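In: missing the sequence, but the structure's below:
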């Protein structure tokens, strides 16, 4: 699945010019990866609301959210808290923000144990130390959501101000970070003799399936992470792994790139949070290893199950028929 986005508008300094380029369509971005026959949405809906759909319950589950201090990760943590897990483990580099989130969760969900840990997911020492405490307290993690990410790309690769350290930092965070989290997650499961039923969701981006000027590191590192998720699905078929695009959300990243200049509709943070909850249910397993957009109504995706599985949709690859015919 490969889509090339014509992102010339991103090079236009004049917001009015960018707006004109997209024809004034506030859904220009969501339209570029619309799934035919599936409704698009910018807001959460009852089917993915844990207070309205009891199938989303996380009772007795231990849930980890990495990159939980703000934005999308914070919304994911709050949504999972409403589903009443046994324990919620929150990782980020900003411990103060995590502690504020912990207080908020404990007010509304006092029965859920909340463990906050200052963790840089690119640090093997941080991840190993944090998971050691998790093992001591809970044994293993049932659900892991990796939201740790950044986008510092603003130049073409060969520009004079193109910087190797900045460029490579995207691979450290999006690929190495995923490796460290996933490896630790799987090793805890093995140590606890939990051979099936766990879920890991990696927050990806529509940039991972697009080719966008100035975004070589962000796009390529997110694409690499998607491929890791596909591979984990083959290596550990009794667990489930997903790449979830959260939509276009008003976050530090979108503000740093002045995304609002395009006039697009932003997506609610609790939209991807609700979809992440749904991905932990048995109904979602036909999507394992695949790239999913939070904008797609999951109740509509269920009706597409045979088509998605039969045609091998929503996986990476080359748009060609290759191989020896027999």
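Out: Nice, thanks for sending it over. The shown structure was predicted, so the numbers you read here are calculated from the model rather than taken from an experiment.
In: So the residue nearest to residue 140 when sequence neighbours are not counted versus residue 24, what's the distance?
Out: The shortest distance from residue 140 to any non-neighbouring residue, by Cβ to Cβ, 6 or more residues apart in numbering, is to residue 192 (3.9 Å). Glycine gets a C-beta too; all of them are placed from N, C-alpha and C. Relative to residue 24, residue 192 is positioned 54 Å away (Cβ to Cβ, to the nearest Å).
In: cool, and residue 79?
Out: Taken as Cβ to Cβ, the span from residue 79 to residue 24 is 33 Å.
In: More neighbours: which of these two?
Out: Per other Cβ atoms under 10 Å, whichever of residue 79 and residue 24 has more neighbours is residue 79, with 26 against 10.
In: who touches that one in this structure?
Out: Applying Cβ atoms under 8 Å, 6 or more residues apart in numbering to residue 79 gives the contacts 50, 270, 273, 274, 276, 277.
In: got it, and residue 321?
Out: Residues in contact with residue 321 (Cβ under 8 Å, 6+ apart): none are found.
In: pLDDT (mean, whole number) over the helix or strand hosting residue 129?
Out: For residue 129, the host element (DSSP states H and E) is helix 124-138. Averaging pLDDT along helix 124-138 gives 99.
In: Mind listing what's buried along the very next helix or strand once past that helix?
Out: Downstream of helix 124-138, the next assigned helix or strand under DSSP H and E is strand 143-146. For strand 143-146, burial by neighbour count (16 or more other Cβ atoms under 10 Å) applies to 143, 144, 145, 146.
In: tell me which of those is nearest to residue 250?
Out: The closest of the buried residues of strand 143-146 to residue 250 turns out to be residue 145 (Cβ to Cβ; 19.6 Å).
In: Tell me the predicted confidence for the closest one.
Out: 99.
In: do the same with residue 33
Out: 88.
In: what's the neighbour count on it?
Out: 18.
In: Then the one 10 residues further on?
Out: The tally of other residues near residue 43 (other Cβ under 10 Å) stands at 10.
In: can I assume it is in contact with residue 272?
Out: No - counting by Cβ atoms under 8 Å, residue 272 is not a contact partner of residue 43; they are 11.4 Å apart.
In: which secondary structure elements does the helix or strand hosting residue 227 contact?
Out: Per DSSP H and E: residue 227 is located in helix 216-235. When contacts are defined as 3 or more Cβ pairs under 8 Å, 6 or more residues apart in numbering; DSSP states H and E, helix 216-235 packs onto helix 164-171, helix 177-191, strand 199-203, strand 240-245.
In: Could you point out which of these sits nearest residue 137?
Out: helix 177-191 (11.4 Å).
In: which residues are in contact with the helix holding residue 129?
Out: Helix 124-138 has contacts (Cβ under 8 Å, 6+ apart) with 62, 64, 86-87, 89, 91, 113, 115, 117-121, 141, 180-181, 184-185, 188, 191.
In: Please pick the buried ones from the residues you listed.
Out: Buried among these by 16+ other Cβ under 10 Å: 62, 64, 87, 89, 91, 115, 117, 119-121, 141, 180-181, 184-185, 188.
In: between the residues you listed, which is nearest residue 215?
Out: residue 121 (21.1 Å).
In: How about the secondary structure of that closest one?
Out: coil (DSSP: H, G, I helix; E, B strand; the rest coil).
In: Can you read off the pLDDT for it?
Out: For residue 121, the pLDDT comes out at 98.
In: how much space between it and residue 216?
Out: On the measure of Cβ to Cβ, residue 121 and residue 216 end up 22 Å apart.
In: Repeat that for residue 285.
Out: 34 Å.
In: Quick check: residue 280 touching residue 58?
Out: Yes - using Cβ under 8 Å, residue 280 is in contact with residue 58, at 7.1 Å.
In: what do those two both touch?
Out: Taking Cβ under 8 Å, 6+ apart as the criterion, residue 280 and residue 58 both touch residue 143.
In: in the stretch 1-150 of the chain, what spans have low per-residue confidence?
Out: Within the stretch 1-150 of the chain, the stretches with pLDDT under 70 are 1-23.
In: Name the SS class of the closest residue to residue 105 other than its chain neighbours, please.
Out: Distances taken as Cβ to Cβ, 6+ apart place residue 81 nearest to residue 105, at 4.6 Å, with adjacent residues excluded. Assigned by three-state DSSP, the conformation of residue 81 is helix.
In: what number of residues lie near residue 81?
Out: Neighbourhood size, residue 81 [other Cβ under 10 Å]: 24.
In: what does residue 176 give?
Out: Based on other Cβ under 10 Å, the number of other residues close to residue 176 is 17.
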